[in-house]
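Enquirer: return a 3D structure for these sequence lines:
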Amino acid sequence: MTNGDLEMIAEHVDRPSFGTNVPDSDPRETMKHRTHDTPRLTIEPFGEKHLSERYVSWLHDPENMRWSENRFAKHTLESCREYMRSFDGSPNMFFAIVAKDPALGHFGNLTVYVEPRHGLADIGILIGDRAAWGKGYGREAWGAIQSALLEEPGIRKVTGGCVADNVGMVKVFEACGMVPDGRRVRQYVYEGREVDIVHYAIWRRT
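Expert: Reported below is the predicted structural model:
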């Protein structure tokens, strides 16, 4: 299953310093507190209303977490709440991806880890609800946030990364105009195989 958004997940791989000890300079003005609309989606700041057993169930779905390091962790509503709170007081961003079709509603999340000192923003995404797979929602959400970041003052480069075998995610990177930006060879072990991590990037036009 590699078409559209099937098995699609991008995480903040090999980016341990992003957003460390860098304050959110002005919470009233930053992109993290704004809602971003596309023809089919509302991408809004993640809040208490998005915490649900449905959300937690995505993180325990083996097929959903196939490419994610989160498959090794135990998740609860409280652990998800703690993760949400980890974004407070930092420039990093946590969004809920919500379909305008009320029958689907909240079906995924998107995060951005920002390193203001170097003008970097690294995006991660999860399409959690299987009902949303294969419809291009991930590409739509990623493209909207990528474009918004490249218009933000101080952001000069937007990045993303995933396991090289995650063809669906690589297609999203390429469809959004990103280009290869490095490869970590035999970095992780998935299903008994050594796999590469690939990085992609796009720069602000000057």
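Enquirer: name the nearest residue to Lys100, ignoring sequence neighbours.
Expert: Leaving aside its sequence neighbours, Lys100 sits nearest to Arg40 (Cβ to Cβ, 6 or more residues apart in numbering; 5.7 Å). The way it works is simple: take the backbone N, C-alpha and C, and place the C-beta from them, glycine included.
Enquirer: measure that neighbour to Leu104 for me?
Expert: 10 Å (Cβ to Cβ, to the nearest Å).
Enquirer: isn't the residue nearest to Lys100 right up against Val98?
Expert: No. Arg40 is beyond contact range of Val98, at 10.0 Å (criterion: Cβ atoms under 8 Å).
Enquirer: between the two, point out the one with more neighbours.
Expert: Remark: of Arg40 and Val98, Val98 carries more neighbours, 19 against 14, as counted by other Cβ atoms under 10 Å.
Enquirer: average pLDDT across the helix or strand encompassing that one?
Expert: If you go by DSSP states H and E, Val98 is part of strand 93-99. The pLDDT scores in strand 93-99 average 98.
Enquirer: so the following helix or strand past that strand versus strand 93-99, what angle?
Expert: Counting by DSSP H and E, the element after strand 93-99 in chain order, helix or strand, is strand 106-115. On the basis of axes from the mean of the first three to the mean of the last three Cα atoms, to 10 degrees, strand 106-115 is oriented at 160 degrees to strand 93-99.
Enquirer: strand 106-115 pairs with which strands, and in what direction?
Expert: Sheet pairing of strand 106-115 (DSSP bridges) gives strand 93-99 (antiparallel), strand 120-127 (antiparallel).
Enquirer: deepest-packed of those strands, please.
Expert: Comparing the strands paired with strand 106-115 by mean neighbour count (mean count of other Cβ atoms under 10 Å), strand 120-127 comes out on top with a mean of 25.
Enquirer: quick check: next helix or strand after that strand?
Expert: helix 137-150.
Enquirer: report the buried residues of that following helix.
Expert: Buried positions in helix 137-150, judged by neighbour count with 16 or more other Cβ atoms under 10 Å: 137-146, 148-150.
Enquirer: and it, how far out from the chain middle?
Expert: Centroid displacement of helix 137-150 relative to its chain, using Cα atoms, centre = their mean, to the nearest Å, is 10 Å.
Enquirer: what helices and strands are in contact with it?
Expert: strand 36-37, strand 41-45, strand 93-99, strand 106-115, strand 120-127, strand 157-163, helix 167-175 (3 or more Cβ pairs under 8 Å, 6 or more residues apart in numbering; DSSP states H and E).
Enquirer: now the fifth one against helix 137-150, angle please.
Expert: Pointing back at strand 120-127 there. Going by the same axes, to 10 degrees, strand 120-127 makes 160 degrees with helix 137-150.
Enquirer: do the last one as well
Expert: In this structure, helix 167-175 runs at an angle of 40 degrees to helix 137-150, with the same axes, to 10 degrees as the basis.
Enquirer: average pLDDT for helix 167-175, rounded please.
Expert: Rounded mean pLDDT across helix 167-175 is 95.
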